[in-house]
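[1] Okay, predicted coordinates and the sequence, questions at the end:
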Amino acid sequence: MPRARDNFRRSALMCGFALAAAVLSACGGEETCSPPVWVYPLRVEVTDATTGETLCGVRVRVRSGDREEVLTGECSYVGGWGPETYDVLADLPGYAPGTRANVRVRALGDECPSWETVRVSIALDPL
């Protein structure tokens, strides 16, 4: 029986070493990601549908599920919280509200957590 227990311990130890080696090789054995830099997943431009002029002072919001955020900016708007499918809503007095539904932000497939930035254009119709 002692021999079986020694074989089990040896197998468990080898599995532990193999797991540690796999984790270290996946990470390159060292920190491979640079310090986190926040990149907004959405960049929104709102224009007048008739003239094509950029509209400033628009209230731009994004929704996904139960979560909602008002984007920041004056004439170009940024925000979002990562890989997600968003509905983008824009409203400004004197214009009919505009929406872009199902805007998808994809995660990038590298080792560091990151995502693409999606540019969204919304044209508002004057009332």
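    Perfect, I can see it now.

[2] three-state assignment of the spatially most central residue of the chain?
    Geometric centre of the chain, nearest residue: Gly82, 2.0 Å, by Cα atoms, centre = their mean. Following DSSP: H, G, I helix; E, B strand; the rest coil, Gly82 is assigned to coil.

[3] so it touches Pro41, yeah?
    Yes: between Gly82 and Pro41 there is a contact under Cβ atoms under 8 Å: 6.0 Å. Every C-beta, even on glycine, is put in place using the N, C-alpha and C of the backbone.

[4] Overlap in contacts, the two.
    Listed as contacting both Gly82 and Pro41 by Cβ atoms under 8 Å, 6 or more residues apart in numbering are Val105, Trp115.

[5] still on that earlier bit, for the residue nearest to the centre of the chain, list the residues it contacts.
    Pro41, Val105, Ala107, Trp115.

[6] between those residues, which has the most around it?
    When neighbours are counted as other Cβ atoms under 10 Å, the busiest of the contacts of Gly82 turns out to be Pro41, with 24 neighbours.
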